[in-house]
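>>> no letters, just coordinates:
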């Protein structure tokens, strides 16, 4: 290991206690963004971060946003060394995190006060910081801040140009982020974004989340007769929209689990064998993903494991369905209407609007003359995948591998992380999601925690990554 | 026409006004069986009928029942001539009707007080009696009572043995009827039951309803994961019970609309060409049945018209379905559970219990290992059809044809009429449903009416039928 980096890591190790104390200060601010009563607290947390960045030699400030509620300020900071590095063509990274937190209810289930952070040992003897926001996302934000501090303390400068963008609305819709990025393109544009808001696949394996799924969500309502009918008088002869809805939904997959819409898989790339092997090492069988929710077998497309089905394959889901009589007992009615909330999860390469059109065409073509349909769109976003050939990507993976002593993997995420997609959309650059949280950190739940090991190795990981990204 | 009958018909014509007055007296009694406040009124109506029957030479009385609520008395009457006719092997008929009525709400929509019967002219100039119960079922009950009166007045005797069974709980569950029939088998057994509680297919065509559909109703609930899942994290890999429910339901019909359960059509008989032609004359195209509810095309099995699909073919319906998120907007959830209320309408010949078993076996066989199912039965009853070769049936059809000057038809009914099935079950005899109501009589609704022509030709029809059934 490079001596320059080794000194910084040594600083991190020697000053870990004070880093924890600083995190505790931030955790004491109840910056709940969904509750108006805490609006000032959100601003206070933002201000706290501005002060921190300024103390590290960043030019930082609050930036008010008002495209949508709640309008908590963005924290933006640029390192004093950025201009010089820009002139010399040095790498520029934009770090993203959020300072707002989830509400604390149900409060009765907390074993310590949510905004009085404390150190505890879990059942296995692992030391953890317990507080609302410990893991999501204040602890993770501070891993990067502390890495910057250590570089500055030891060498007086950062190895790459660094800007910060810290949001205060991630837990409450985050609707101001995209317009803010769009309105400040030139200022925020960098070579790569580093996002610290994700978890590791397990305690030991570092990872970059390199793909996300987008969504096309659609509500459909079928209407047949003018009113609910008696199923004796009309049963068989009258179109039953609840039955037709079932037929229509069932027809969207074939017997191998593949989605039947024409053109649906256009642009979908199957990950290479090496990546699939890495994933298999993490999830040796389907129950590794599904066991904890009471399931055992992958329910989607034949030929893909459970983890592949969620990380790299598009899906179709019934999120809600309703029609006819719902209460106790029985009513022999043919409902006049039935509706469903349906969604497709998309991977990179698929075009959400084409898929919406293809879905609507399928439905219209399917329905008999007597049945009308109303479509209500509920959002459409593309899937996301980083450039696999990027030198930044391999450098980041190598740095993580060195820190954790275990090959870093590229994981997928079956859901959406809007910021990564929005950074790509607004700023046209890649975003690496590197996080040190654990699946059992109870984010959004009582007794949220962040392992001291997550925090410590997280800081050390960034120290190495900043060096690795330098040219 | 036989002179004996002609004299009775003449009596009916000449005394029609007093018959209407008697009906008015009965209509003035607010015998609403679903409302406790009217319990005494129900008894009063029953008593009124007992008095009528006694005045016609019947041995009649109230019979209390208490197997279930509300426990309104049965009216049972036997003609004084029955014993003699029984000895001579004369036909014995049991007439069934009900004296209870539906509630009157919404009261504001009545144009005259519901229990102050009056004569009005409808838009076409047709004279109608307006009152709650005018058509359902007091007017219809009195057609038979008045036919008996006319026979007695003219000839001093009835041509066949006649017993009455008039119920006071038809509109409130009628749960006492079957146990009462079972407990009084010997007393109530006759050669054929005549039930007057149905409508004619149109203004001119007399009909006997000769088939009814039974039902197998079943609720199923599918459960997969231990809790609702995030559709990003698990979508594709986790079994989605709402989707599986759709697949399962869709699979119950094939592309021709036939129900796919093994053995489902065992015992089903297709009506002969003559009957199908009669039905086609009544319903020349599918919109004749479906048009008034906003539909145009038969949605069931290929090869059968809309009316055939409801009158003589078994069906499968989704009566209710629910799962996942139902409120406004969207929630990207994979529901842990989904349920449906499903029913099959059965025709005579099908075995409801076998069909229930076949359905359950299909569901169990269909579901993947990770998904469990709970079945909740909601009743099972066989379909019903009268003996088509019966001499009573052809005699009744002929009598109706003579009275109305138009070929009487055998119609089906897609729903259930419990009394017909219960008479068959308890007393082992056929039941002919002959009624003179019209589709626009607004039964169960405000401004219920019964045409004066329905009442008049109804009485005359029974006069002829009583003669026709005599040996």
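Now that the structure is in, tell me what you want to look at. As the structure is a prediction and not an experimental result, all values here were calculated from the model. Numbering: from 1, shown residues only, chains lettered A, B, ... in the order given.
>>> alpha carbons only for contacts and neighbour counts from here, please
Will do.
>>> any idea how far the spatially most central residue of chain A is from residue A:285?
Compute the mean C-alpha point of chain A, and by Cα atoms, centre = their mean the closest residue is residue A:417, 3.1 Å away. Distance of residue A:417 to residue A:285, computed by Cα to Cα, to the nearest Å: 26 Å.
>>> and for the residue of the stretch 101-250 of chain A found nearest chain B, the neighbour number?
Chain B sits closest to residue A:232 of the stretch 101-250 of chain A, with a gap of 3.6 Å, by Cα to the nearest Cα. For residue A:232, the count of nearby residues is 25 (other Cα atoms under 10 Å in any protein chain shown).
>>> what does the average pLDDT come to for the helix or strand encompassing it?
In this structure, residue A:232 is located in helix A:231-234 according to DSSP states H and E. The pLDDT scores in helix A:231-234 average 92.
>>> the helix or strand following that helix near chain B anywhere?
As assigned by DSSP H and E, the chain's next helix or strand after helix A:231-234 is helix A:241-250. Yes - using Cα under 8 Å from any Cα of the partner chain, helix A:241-250 reaches chain B at A:242, A:243, A:244, A:245, A:246, A:247, A:249, A:250.
>>> packing partners for helix A:241-250?
strand A:214-223, strand A:315-324, strand A:337-346, helix B:241-250, strand B:315-324 (3 or more Cα pairs under 8 Å, 6 or more residues apart in numbering or on different chains; DSSP states H and E).
>>> phi, psi for the nearest residue to residue A:396 once chain neighbours are set aside please.
Nearest residue to residue A:396 in three dimensions, chain neighbours excluded: residue A:465, at 5.5 Å (Cα to Cα, 6 or more residues apart in numbering or on different chains). Dihedral pair for residue A:465: phi -60, psi -40, per degrees, to the nearest 10.
>>> next: residue A:128.
Per degrees, to the nearest 10, the backbone of residue A:128 is at phi -130, psi 150.
>>> follow-up on the earlier one: what sits against the residue nearest to the centre of chain A?
residue A:212 (Cα atoms under 8 Å, 6 or more residues apart in numbering or on different chains).
>>> and it, how far is that from chain B?
10 Å (Cα to the nearest Cα, to the nearest Å).
>>> state the distance from that residue to residue B:302.
Going from residue A:417 to residue B:302 by Cα to Cα gives 49 Å.
>>> now residue A:308
From residue A:308 to residue B:302 the distance is 43 Å (Cα to Cα).
>>> and those two? Which one has more around it.
Remark: of residue A:308 and residue B:302, residue A:308 carries more neighbours, 27 against 12, as counted by other Cα under 10 Å.
>>> so that one sits in a strand?
No - read with DSSP: H, G, I helix; E, B strand; the rest coil, residue A:308 is helix and lies in no strand.
>>> now do the contacts for it.
A:276, A:279.
>>> and residue A:118, what pLDDT?
Looking at residue A:118, its pLDDT is 98.
>>> got the phi/psi numbers for it?
Torsion angles, degrees, to the nearest 10, at residue A:118: phi -150, psi 160.
>>> surely it and residue A:130 touch.
Yes - judged on Cα atoms under 8 Å, residue A:118 makes contact with residue A:130 at a distance of 5.5 Å.
>>> more neighbours, the two?
residue A:130 (30 against 15).
>>> burial count for the closest residue to that one other than its chain neighbours?
Spatial nearest neighbour of residue A:130, chain neighbours left out: residue A:449 (4.3 Å); criterion: Cα to Cα, 6+ apart. A count of nearby residues for residue A:449, using other Cα under 10 Å, gives 29.
>>> what of residue A:331?
When neighbours are defined as other Cα under 10 Å, residue A:331 has 19 of them.
>>> now do the strands in the stretch 251-400 of chain A.
Along the stretch 251-400 of chain A, counting by DSSP state E, counting those that start in this stretch, strands occupy A:315-324, A:333-334, A:337-346, A:372-381, A:384-385.
>>> check contacts around the nearest residue to residue A:214 once chain neighbours are set aside.
Using Cα to Cα, 6+ apart and skipping the chain neighbours, the partner closest in space to residue A:214 is residue A:383 (4.0 Å). By Cα under 8 Å, 6+ apart, the contact list for residue A:383 reads A:211-215, A:345-350, A:416, A:421.
>>> what's the answer for residue A:404, then?
Counting by Cα under 8 Å, 6+ apart, residue A:404 has contacts A:204, A:205, A:206, A:457.
>>> can you tell me which of the residues you listed are in helices?
residue A:457 (DSSP state H).
>>> make a PyMOL selection of the buried ones in the contacts of residue A:404.
The following PyMOL line selects those of the contacts of residue A:404 that are buried, judged by 16 or more other Cα atoms under 10 Å in any protein chain shown:
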select buried, chain A and resi 205+206+457
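>>> pLDDT value on the closest residue to residue A:321 other than its chain neighbours, please?
Once flanking residues are discounted, residue A:321 sits nearest to residue A:340: 4.2 Å by Cα to Cα, 6+ apart. Each residue has a pLDDT score; the one for residue A:340 is 98.
>>> list the contacts for residue A:340?
A:219, A:220, A:221, A:245, A:318, A:319, A:320, A:321, A:322.
>>> and which of the residues you listed is nearest residue B:270?
residue A:245 (29.8 Å; Cα to Cα).
>>> where does the residue nearest to residue A:130 fall, phi/psi-wise?
phi -140, psi 160.
>>> again with the one 5 residues further on
Note on residue A:454: backbone dihedrals following degrees, to the nearest 10 are phi -60, psi -50.
>>> and the helix or strand residue A:412 falls within, what does it pack onto?
If you go by DSSP H and E, residue A:412 is part of strand A:409-413. Counting contacts by 3+ Cα pairs under 8 Å, 6+ apart, strand A:409-413 packs against strand A:207-212, helix A:273-282, helix A:306-311.
>>> redo the ones you listed as a markdown table? Include mean pLDDT.
Shown next, in a markdown table, are the helices and strands packed on strand A:409-413 (pLDDT from 0 to 100):
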| stretch | mean pLDDT |
| --- | --- |
| strand A:207-212 | 96 |
| helix A:273-282 | 94 |
| helix A:306-311 | 97 |
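>>> tell me the most buried of these?
Compared across those, helix A:306-311 shows the largest average neighbour count, a mean of 28 (mean count of other Cα atoms under 10 Å in any protein chain shown).
>>> residues near the nearest residue to residue A:34 once chain neighbours are set aside, how many?
The shortest distance from residue A:34 to any non-neighbouring residue, by Cα to Cα, 6+ apart, is to residue A:172 (5.3 Å). Look at residue A:172: counted by other Cα under 10 Å, it has 16 neighbours.
>>> list the contacts for residue A:172?
A:33, A:34, A:70.
>>> in CSV, list the contacts of residue A:340 along with distance to residue A:75.
As requested, the contacts of residue A:340 are exported to CSV (distance: Cα to Cα, whole Å):
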residue, distance to residue A:75
A:219, 37
A:220, 41
A:221, 43
A:245, 48
A:318, 39
A:319, 36
A:320, 38
A:321, 42
A:322, 44
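>>> mind giving me the PyMOL command for buried ones among those residues?
Entered in PyMOL, the line below selects the buried ones among those, by 16+ other Cα under 10 Å:
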select buried, chain A and resi 219+220+221+245+318+319+320+321+322
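>>> without its sequence neighbours, what residue ends up closest to residue A:314?
residue A:346 (4.7 Å).
>>> and that neighbour, bridged to which residues?
Beta-bridge partners of residue A:346, counted by DSSP bridges, are residue A:214.
>>> so it is in contact with residue A:315, correct?
Yes - counting by Cα under 8 Å, residue A:315 is a contact partner of residue A:346 at 6.9 Å.
>>> those two: which has the busier surroundings?
residue A:346 (32 against 27).
>>> contacting residues around that one?
A:213, A:214, A:215, A:216, A:313, A:314, A:315, A:352, A:382, A:383.
>>> from residue B:324, how far out is the second one?
Using Cα to Cα, we find residue A:214 at a distance of 21 Å from residue B:324.
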